[in-house]
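predicted model, plus sequence, below.
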Amino acid sequence: MSNVRALLARLREEEGGNAVVEFIGVTLVLLVPLVYLVLTLGQIQAAAFAAEAAARESGRVLSQAEDLSTAAGQAQTAVELAFEDHGIAVDAAAALDFTCSENPCLSAGGQIHVEVATAVRLPLVPDFVAGAVPLEVPVSATYLAAVPEFSGLP
């Protein structure tokens, strides 16, 4: 029994403030990756929401338009605004793509398939690791807009 007490007393003397250092070390090892994961997933989710909103709104703009050239510019503006609302800079001309089921495109009763695609850069990843780790996550959204049956009629 005295050996056990002596062993416990010796163990108590050896624990001279190491718990604080161990707590800080474990906290850094667990907390830093967790914060990075939350930050990255937040940016990817914001881009997904922005792409979905951009596809929907540009599809609505295209389907309600009078002429295609004006509508394409307005659809690009809708894409830019949707991404700016989420704090993401994007080239709307490159991100927006649409195809029409009818020829001419805005024929009554036709459909317009809108696709918005972009890539989200991972935060805090330096360029020199590009060979080992992808630096961007692709994000895309689609929307099918119907041109009203009675559009263009007086």
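Received, thanks. Everything numeric here is computed off the predicted structure, so don't read it as measured data.

so who does residue 9 touch?
For residue 9, the contact set (C-beta atoms under 8 Å, 6 or more residues apart in numbering) is empty. Placement of C-beta: from N, CA and C, glycine included.

on the three-state scheme, it is what?
Counting by DSSP: H, G, I helix; E, B strand; the rest coil, the backbone at residue 9 sits in helix.

just the strands in this structure please.
Ranges of strands in the chain, per DSSP state E, are 96-100, 111-121, 136-146.

residue 26: which of those is closest?
strand 136-146 (29.4 Å; C-beta to C-beta).

that older thread, deepest of the strands of the chain, which one?
strand 111-121 (a mean of 20; mean count of other C-beta atoms under 10 Å).

distance to residue 18 for the strands of the chain - can I get that in a markdown table?
Below are the strands of the chain laid out as a markdown table (distance: least, C-beta to C-beta, whole Å):
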| stretch | distance to residue 18 |
| --- | --- |
| strand 96-100 | 58 |
| strand 111-121 | 41 |
| strand 136-146 | 41 |
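
may I ask which helix or strand of this protein has the lowest mean pLDDT?
helix 2-14 (a mean of 73; mean pLDDT, DSSP states H and E).

wouldn't residue 106 be in contact with residue 71 here?
Yes: here residue 106 lies in contact with residue 71, judged by C-beta atoms under 8 Å, at a distance of 7.4 Å.

no further queries at this time; thank you.
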